[in-house]
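S.K.: A structural model of the following input is requested.
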Amino acid sequence: MYDFREVKQRPERKRPFIWLSVLLIILFTVSSSTNAQQKIQKDERLGVILSLGAPGFGQIYAGKTWRGIGIVFTEAICAGVVTGIAAERKVIVTDIEGDDYEVRTTKIKKLSNGEVAAVASAAVVGVGVYIWQLFDARKCVRNHNKAQGFDVGMTMMDNGRPGASLRLTF
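M.R.: Residues are numbered from 1 along each chain as shown. Coordinates of the predicted model:
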């Protein structure tokens, strides 16, 4: 018979989100500290790259801070649901003498229909929001630049070839 008292307890993994909080505070401070009199043109590619690496940060970069924070929390909730339900589970085992032991198992346990639906829904929403926010970051940066008086676009030149146009409003 297996003696469960010999099972070593694995220490709880701490999941510090301090770095994420500090980064959000820095981005919020940088985005809100711009002087209203100063016109700053922002790069669309940088907004998309920020959103690619950390969903919502492109929106924060473009000045849509609350939209970016909403995207961060939406992605965090979706990831939490998926990993929380599908992650390894704790099992309480009682031995012959009546002592309880906590054992972590990595055995694949069949999920109930509700759990499968929750994981699938959270995964679909998470991926959908992730893809949408990439396009939205670009749009937010474009709208920011237009509001600042920078209007960059494609146009046809006199010789019939495509070219870039830049309109500045003072």
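S.K.: surely residue 150 meets residue 39?
M.R.: Yes - the criterion here is Cβ atoms under 8 Å, and residue 150 meets it with residue 39 at 7.4 Å. In short, each C-beta sits where N, CA and C put it, glycine included.
S.K.: quickly find the element holding the residue nearest to residue 64 when sequence neighbours are not counted.
M.R.: Counting by Cβ to Cβ, 6 or more residues apart in numbering, residue 64 lies nearest to residue 140, which is 5.0 Å off, once chain neighbours are set aside. For residue 140, the host element (DSSP states H and E) is helix 113-148.
S.K.: helices and strands around that helix, which ones?
M.R.: helix 44-53, helix 57-61, helix 65-86 (3 or more Cβ pairs under 8 Å, 6 or more residues apart in numbering; DSSP states H and E).
S.K.: between it and helix 44-53, how many degrees?
M.R.: Helix 113-148 runs at 160 degrees relative to helix 44-53, counting by axes from the mean of the first three to the mean of the last three Cα atoms, to 10 degrees.
S.K.: in helix 113-148, which residues are buried?
M.R.: For helix 113-148, burial by neighbour count (16 or more other Cβ atoms under 10 Å) applies to 118-119, 122, 125-126, 129-130, 133-134, 136-138, 140-142, 144-145, 148.
S.K.: what mean pLDDT does it have?
M.R.: In this model, helix 113-148 carries a mean pLDDT of 90.
S.K.: what angle do it and helix 65-86 make?
M.R.: Between helix 113-148 and helix 65-86, the angle comes out at 160 degrees (the same axes, to 10 degrees).
S.K.: quick one: contacts of stretch 126-136?
M.R.: Stretch 126-136 is contacted by residues 48, 51-52, 55-56, 58-59, 67, 71, 74-75, 78-79, 82 when judged by Cβ atoms under 8 Å, 6 or more residues apart in numbering.
S.K.: right, and the helices and strands packed on helix 113-148 - which one's nearest residue 161?
M.R.: Minimum separation from residue 161 across those (Cβ to Cβ) falls at helix 44-53, 22.7 Å.
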